[in-house]
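Peer 1: Show me the folded form of this:
(one chain, ligands or ions: 1)
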Amino acid sequence: MDKVIITAAVVGSRPTRADNPAVPYSPAEIASAAIECANAGAAIAHIHVRDPETGEPSSRLDYFQEALERIRAQCDMLINLTTSGLNLTGPEAGEQRLEVVGLRPDLCSLDVGSVNFPDRLFANPPGWVDIAARRMQAAGVKPEIEVFDTGHVSQALDLVGRGFVDDPPYFQLCMGVRWGIPATPENLLFMRRQLPADALWSVLGVGRAQLPMITMSLLLGGHVRVGFEDNLYLRKGVLAASNAEFVEQAVRLARELGREPATPSETREMLGIRIDPISGAASAAG
Ligand code: ZN
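Peer 2: Next up, the predicted model:
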């Protein structure tokens, strides 16, 4: 089977140091968490940013830029900046969510469907999704299509079919996010069956579902995402001391199951991303 792309989602927008004291807040802490994960075998860092003092979710572009530059200065892992903008409200929110595309990361997350979270609506209206996909395509930024339920896969396939996403489409199957699709083996198989044959797909499982869901993905030939955004515990009752511990666990598991972690350059090849020799920035190969 192909090598496995390991994504480290090192902070997300929800967990705090009250939940786990190792959650990184400042751009420097977030970057160093990502670099530790690269050293442990992760090929992609999925990045949100926080207020360095309070840990509140932030959308400040200078924080994203600092994290990106610090990571790029230290390693060649791919950088995936979030466009979820869950902290943003108001008429400008849709546009603000897309400001990170201008930083030319290797990837940006692209949420194609709306979903109810327990405390709020995660709204991704069709018009915004089209604009977001086109913006990424024009900037040469690979979208990582996040799907929280089966209907989102249908929406994504429509987007791909209309030419808004370059081949191969790359999916993140988000399993067990309340109130998205529950993280069960049957549901993962069902989600995977909806995907086109040439799609690359990765799986995340929330909380205690992280380990079983990534194990299933490894068995089925998929890729995996781990990290504090999804889970804070290495095992029942034991908080992870770092994001890198999750990556180490994923690497051990992958190797036991006969799969080697993909390097950043192998990951670029698989995703159709090349490095622009002039700017040093990544761009989708088309
Ligand atoms: Zn995220």
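Peer 1: Scan the helices and strands of this protein for the one with the lowest mean pLDDT.
Peer 2: Among the helices and strands of the chain, strand 282-284 carries the lowest confidence by mean pLDDT, DSSP states H and E, at a mean of 56.
Peer 1: Strands of the stretch 1-150 of the chain, start to end?
Peer 2: 6-9, 44-47, 49-50, 57-58, 78-81, 107-111, 115-117, 120-122, 142-147 (DSSP state E, counting those that start in this stretch).
Peer 1: just checking, next helix/strand downstream of the last one?
Peer 2: Past strand 142-147, heading to the C-terminal end, the next element that is a helix or strand (DSSP states H and E) is helix 150-161.
Peer 1: which is the next helix or strand following that next one?
Peer 2: Per DSSP H and E, the first helix or strand lying C-terminal to helix 150-161 is strand 170-175.
Peer 1: can you list the residues that contact that next one?
Peer 2: Strand 170-175 is touched from outside by 7, 107, 109, 142-148, 153, 156, 180-183, 187-188, 191-192, 195, 199-206, 209, 213, 217, 222, 225, 271, with contacts defined as CB atoms under 8 Å, 6 or more residues apart in numbering. (Each C-beta comes from the backbone N, C-alpha and C, glycine too.)
Peer 1: And stretch 90-102, by the same measure?
Peer 2: Contacts of stretch 90-102 (CB under 8 Å, 6+ apart): 59, 61, 64, 81-85, 88, 108, 128, 131-132, 135-136, 139, 141.
Peer 1: Pull out the buried residues from these.
Peer 2: Of the members of those, the ones counted as buried by neighbours, 16 or more other CB atoms under 10 Å, are 59, 64, 81-85, 108, 128, 131-132, 135-136, 139, 141.
Peer 1: what about Pro212, how many neighbours?
Peer 2: Other residues lying near Pro212 total 16 when counted by other CB atoms under 10 Å.
Peer 1: Quick one: residues contacting Leu200.
Peer 2: When contacts are counted by CB under 8 Å, 6+ apart, Leu200 touches Ile5, Pro168, Pro169, Tyr170, Phe171, His223, Met270, Leu271.
Peer 1: Please tell me how far the last one sits from Asp158.
Peer 2: Spelled out, it's Leu271. 21 Å (CB to CB, to the nearest Å).
Peer 1: If you count neighbours, what's buried in stretch 136-156?
Peer 2: Per 16+ other CB under 10 Å, stretch 136-156 contains these buried residues: 136-137, 139-149, 152-153, 155-156.
Peer 1: Then stretch 158-169?
Peer 2: For stretch 158-169, the buried set under the neighbour-count rule, 16+ other CB under 10 Å, comprises Leu159, Val160, Phe164, Val165, Asp166, Pro168, Pro169.
Peer 1: thinking again about what came up before, tell me which of the buried ones among the contacts of stretch 90-102 is nearest to Ile47?
Peer 2: Nearest to Ile47 among those, counting by CB to CB, is Leu81 at 5.3 Å.
Peer 1: What distance do you get for that closest one to Asn20?
Peer 2: Leu81 is 23 Å from Asn20, by CB to CB.
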